[in-house]
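>>> below: sequence and its predicted model.
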Amino acid sequence: MAKPSPVDFADIQGLVRFGYGALTEASFLLLRIRDAAAARAWLASAPVSNAVMLAKAPDTALQVAFTCEGLRALGLGEDILAGFSAEFYSGMSRDASRSRRLGDAGANSPEYWQWGGQDRNPDLVVMLYARENQLDGWSQTVRGQQWEDAFDVLDSLPTSNLFGVEPFGFTDGVSQPTLDWEREREVSGDELVYGNRVALGEFLLGYPNEYNKYTDRPLLPAGGDAVSTLPTAEDQPQLRDLGKNGTYLVFRQLAQDVRGFWQFMDRQTNSDPQTRLELAEACVGRKQDGQPLVELSDQPIEGIDKHNAAINGFTFDADPTGLRCPLGAHIRRANPRTTDLPGASDNPFSKLEHTLGFGESSYGKDVIASTRFHRLLRRGREYGPGLSTDDALQPAPPNDALRGIHFICLGANISRQFEFVQSAWVMSSKFAGLWGESDPLLGNREPIPGCPITNTFSLTQRDAVKRHITALPQFITVRGGAYFFMPGIRVVRFLAQI
Amino acid sequence: MIPQSHLTVVAPIADGRVDDLRSLLLSMNRLPGVADPENALIPFGHLEEVHFARFLVLEDPTLQDVRVYNLPPPAYPVYLAFLCDFDGPLDDFLLKLTNCAAVGLTRIFEHCEGFSRKVNLLAWMKEQNRDPATAYVNWLGRTMLQVREEEQLLLSIRGWLDADSSRGKLAPRQLQNELRAYITAEKSAGRLSLTPEPATPITWELKNIAHLIAVPLLLLLLLPFLILYAPVFVIQLRRRERSDPEIAPRPDPVYVNKLSALEDYDVTNQFTAFGSVKPGLFRRWTLIYILWIINYTTRHIFNRGRLARVSTIHFARWVFLDDKKRLFFASNYDGSLDSYMDDFINKVAFGLNVVFSNGIGYPTTNWLVLDGAKDEQKFKYYIRRHELPTEVWYNGHPGLTALDLQRNSLIRQGLETPDMSDSQLRQWVQLL
């Protein structure tokens, strides 16, 4: 096979490659298009940041992403919109069947959302990032002349810098997939070893994914000045690729009840600081500083560099019963680090034996799907003031500040990535053969027919019955959300011309 | 051991009666597509031996696909299908079913050709019953009685453990002893029941052994022919694999919404798919042969919790219709359809390929087992496009996955095995 063409970083929005960690201030503007012509004029010159690596991180960054309504408002036809994925086309909250699958029920129901539910859908999100004290100035610069005519601000979501720690007090964002920017990854057959390097097509449209296939996206027949500015589709060179170098962006505003979380842990442990911390860590699966509860792997893991390996170089293979890290802990659900053929060794007999189901046939073995098809590239930011554990144990003052995370993840296939992880792993009351529990942090605790109880959390004990923590309250509530498409930069300019 | 059996009534619906029938079926539901166990037509909740049941209209929206072979779509009837998976022999079940729901069944089947109040209901249902080409049961002989008793056992054990937190800290052997005493007391007090496994019917046992031996024997006899035919088969197959057209466009979003509106009310879901076998004898005979082989494996090998690597399927069946020119597949599985399809693709693509690649439009396979389902998106489109809405679905044990049922049985076995080794005991207490 010919060597694949190199990636054009100048055509990719920077968020795919960078978290913009040095730009500690950020705000997300949820906009409605008031005047499509003015919106297009703004897009034509908006200083959207690309993914080219600079010698020094920039002082500011701008990213834009659109909902299906937004693309429609800009003038994309239904035939083109129907080329995007069904999840994007339908939206996060409009279909009750989707809400049911995502656990957006009870207090999480879209009807209660601050934005994104019912008739509060944004057309686009403008994401502003800046170094300390530069955000206001950057925001003014970005707005420019057409802004006022172009957009109505539906919501302006501020963020806060908690120095890499999420509001409950745990180091966040430790585990991220490594993107195969060099396009060297070859996927063929079952992968017997867990790896963290993932095909580019999992996170960018227009490239082969982990099945070595191109994910569907709108392809346009060549012709016309505007269309001719679009990149060529790599798999169908006679067509122009509206998805190329773009990706989907899943945005969920998750309110975190930090006081509720720590006060519950406190009650469960008779206010003993050490066991209180241990229980909270068991829920997460990591210590507060990010160290995993399981031992680090003695073998290097492909796609995890030496620096990151000290905190992220592990799988759960050595802890099959969950003695060190509970089976239902948040990090086990969100990223179980399973292989395609658990337990198999690299010879044809073993592979055949495992493929036919005779390899790991005892109870509870090989029940979690292979992880490489279900990875999330997370780019979230916290909001609200930080709260120490000691302060969190105090009763809430009147008008206590709101806290939480703007969960943002990128991926080329919303249903196979975000929706699968959310429904089959995080929200599932049956993950890994468990009973009556969902994610200790994210669970909505809503009953399911036949499963009245979903609010427990079990901790494996050595040579004894599992310890069941019961009646976990809801700690995290969905306050808003939408599916966006974050186009490549040429496509941003194309949208300005239609 | 009481083996499970299947009822697969398939009967043509009388002209112009499909819409009436659909609305009658909808009246049985408590949630979209989910039967009310106490519904007035067939109170499934009173049929204690039923694991799963469904009613649906078999109307193939992909019938036109055969035009890619330059053939006109045949005029097939629209069928009503009534499927049940239950414990014990078919005759006993039919008798009980007709006693329990004769009026309701009659009202439903009156929409079918050749049925009226004057027809003997039981005899007619038996006549319309089709033998599946392949049937799969997650766990041979695990009865609904056992499922219910073992779930009660689990709840009772959990209650006992929760009542006194010191119990959970007991050493495994002491815990087992105390639990055994507690469960014995609960049984004596009539609050729990753990019915011992009944004897296996001797006729079933004999038939099963005969089948176990006969199929390999027959294969052995056929072997010379199969060896001679193999090169011809390969040529025929490879030629077709190169030329058979794929028909896997993105399914209509309205149709997909209609299907997904019937899903995810329970941890278990239903799935039914329907399609035509590729024209010609080659594909038809290949399919007949393959399903015959698979049926042997599900009957004798894959009957202990897993179909190959997949541990989420409770019951499944492949049924031929219309002179084996059409096939439908029905299953009951844990999780959402997306995770089910991912299992198909990532775990058992070879199994899906050998069967469904003989259906019109399936994503192109290579050597019968390779590629095909591995074309993830096309495969998922193909599946959704061939899926039918299941109008009425009943699950006798909502909220319990196949893994739950297996765990509950293991808990009971451990309780009833006083002489477990220390390491077995340590594993057993982890299940509680």
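That came through fine. This structure is a prediction, so every number in the text was calculated from the model and none was measured. Numbering: from 1, shown residues only, chains lettered A, B, ... in the order given.
>>> ok, and the closest non-adjacent residue to residue B:306?
The shortest distance from residue B:306 to any non-neighbouring residue, by Cβ to Cβ, 6 or more residues apart in numbering or on different chains, is to residue A:357 (4.5 Å). Where C-beta positions appear, they are placed from N, C-alpha and C, glycine not excepted.
>>> who's in contact with that neighbour?
Neighbouring residues of residue A:357 by Cβ atoms under 8 Å, 6 or more residues apart in numbering or on different chains: A:366, B:302, B:306-310.
>>> first-to-last residue distance for stretch A:453-460?
19 Å (Cα to Cα, to the nearest Å).
>>> tell me, how many residues neighbour the residue of the stretch 301-432 of chain B found nearest chain A?
Closest to chain A within the stretch 301-432 of chain B is residue B:399: 1.8 Å, counting by Cβ to the nearest Cβ. Counted with other Cβ atoms under 10 Å in any protein chain shown, the neighbours of residue B:399 add up to 20.
>>> one step back: which of the contacts of residue A:357 fall in helices?
Under the assignment DSSP state H, the contacts of residue A:357 contribute nothing to helices.
>>> all helices for the stretch 301-432 of chain B, in order.
Taking DSSP state H, counting those that start in this stretch, the helices of the stretch 301-432 of chain B run over residues B:337-346, B:349-356, B:376-386, B:402-415, B:422-431.
>>> average pLDDT for the second one?
To tie it back to what came earlier, the one meant is helix B:349-356. Helix B:349-356 shows an average pLDDT of 95 in the prediction.
>>> again, but for the first one
Helix B:337-346 comes out with an average pLDDT of 94.
>>> pull the CA atoms of that helix into CSV?
Output of helix B:337-346 as CSV, limited to C-alpha atoms (Å, rounded to 0.1, in the frame of the first residue of the first chain):
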residue,chain,number,x,y,z
LEU,B,337,-28.9,-2.7,19.8
ASP,B,338,-25.6,-0.8,19.2
SER,B,339,-23.7,-3.0,21.7
TYR,B,340,-25.4,-6.1,20.2
MET,B,341,-24.3,-5.1,16.7
ASP,B,342,-20.8,-4.3,18.0
ASP,B,343,-20.6,-7.9,19.4
PHE,B,344,-21.7,-9.2,16.0
ILE,B,345,-18.9,-7.3,14.4
ASN,B,346,-16.1,-7.6,16.9
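>>> name the helices or strands packed onto it?
Other helices and strands packing on helix B:337-346, by 3 or more Cβ pairs under 8 Å, 6 or more residues apart in numbering or on different chains; DSSP states H and E, are helix A:420, strand B:268-276, helix B:376-386.
>>> distance from the chain centre to it, please.
A distance of 16 Å separates the centroid of the chain from that of helix B:337-346, by Cα atoms, centre = their mean, to the nearest Å.
>>> now the shortest one
Using Cα atoms, centre = their mean, we find the averaged C-alpha position of helix B:349-356 to lie 17 Å away from the chain's own average C-alpha position.
>>> who touches it?
A:355, B:275, B:287, B:290-291, B:294, B:307-308, B:318, B:344, B:362, B:365, B:368-374, B:379.
>>> buried ones among those residues?
By neighbour count, with 16 or more other Cβ atoms under 10 Å in any protein chain shown, the contacts of helix B:349-356 hold A:355, B:275, B:287, B:290-291, B:294, B:307-308, B:318, B:344, B:362, B:365, B:368, B:371-374, B:379 as buried.
>>> enumerate the residues of the stretch 101-250 of chain B near chain A.
B:158, B:161-162, B:167-172, B:175, B:250 (Cβ under 8 Å from any Cβ of the partner chain).
>>> do the same with the stretch 301-432 of chain B
B:302, B:304-311, B:334-336, B:338-339, B:342-343, B:345-347, B:350, B:374-377, B:395, B:397-401, B:403-404, B:406-407, B:410, B:426, B:429-432.
>>> from the residues of the stretch 101-250 of chain B next to chain A, which land in helices?
Using DSSP H, those in helices are B:158, B:161-162, B:172, B:175.
>>> need the max-distance pair from those residues.
Maximum pairwise distance among these (Cβ to Cβ): 18.5 Å, between B:162 and B:172.
>>> so between those two, which is more surrounded?
Neighbours were counted for residue B:162 and for residue B:172 using other Cβ under 10 Å; residue B:172 has more, 21 against 12.
>>> for the more buried one, which residues are in contact?
A:463-464, B:422, B:425-426, B:428-429.
>>> tell me what the helix or strand residue A:390 falls within is packed against?
Using DSSP states H and E, residue A:390 falls within helix A:389-392. Here helix A:389-392 touches helix A:258-268, going by 3+ Cβ pairs under 8 Å, 6+ apart.
>>> what's the closest non-adjacent residue to whichever residue of chain A sits closest to chain B?
Residue nearest to chain B within chain A (Cβ to the nearest Cβ): residue A:450, separated by 1.8 Å. Nearest non-adjacent residue to residue A:450, counting by Cβ to Cβ, 6+ apart: residue B:399, 1.8 Å away.
>>> surely the one you found meets residue B:267?
Yes - contact between residue B:399 and residue B:267 holds when scored by Cβ atoms under 8 Å: they sit 5.9 Å apart.
>>> which stretches of the chain have low pLDDT?
No chain was given, so I picked chain A. A:1-2 (pLDDT under 70).
>>> right idea, wrong chain: chain B
For chain B, counting by pLDDT under 70, not a single residue falls below.
>>> show me the domain layout of it.
B:4-141+B:200-395, B:146-199+B:401-431 (automatic domain parsing).
>>> same list, the ones you listed, but as CSV with distance to residue A:415 please.
What follows is those, written out as CSV (distance: least, Cβ to Cβ, whole Å):
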stretch, distance to residue A:415
domain B:4-141+B:200-395, 6
domain B:146-199+B:401-431, 22
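>>> out of these, which one sits most buried?
The highest mean neighbour count among the domains of chain B, using mean count of other Cβ atoms under 10 Å in any protein chain shown, belongs to domain B:4-141+B:200-395: a mean of 18.
>>> tell me how far the ends of that domain are from each other?
15 Å.
>>> what does stretch B:292-311 give?
From its first residue to its last, stretch B:292-311 covers 22 Å (Cα to Cα).
>>> residues from the stretch 201-350 of chain A in reach of chain B?
A:209, A:211, A:213, A:215-216, A:321, A:340.
>>> can I assume residue B:55 sits in a strand?
Yes - checked against DSSP: H, G, I helix; E, B strand; the rest coil, residue B:55 lies within a strand.
>>> does it really touch residue B:389, like I thought?
No - counting by Cβ under 8 Å, no contact exists between residue B:55 and residue B:389, whose distance comes to 11.0 Å.
>>> okay, and the beta partners of residue B:54?
residue B:83, residue B:393 (DSSP bridges).
>>> how about it, what does it touch?
B:81-83, B:270, B:272, B:330, B:390-394.
>>> go with 6 Å
B:83, B:270, B:390, B:393 (Cβ atoms under 6 Å, 6 or more residues apart in numbering or on different chains).
>>> list the residues that contact the third one.
Residue B:390 is in contact with B:33, B:54, B:56, B:270, B:272, counting by Cβ under 6 Å, 6+ apart.
>>> from chain A, how far off is the last one?
If I follow you right, that is residue B:272. 17 Å (Cβ to the nearest Cβ, to the nearest Å).
>>> also the second one?
Going from residue B:54 to chain A by Cβ to the nearest Cβ gives 17 Å.
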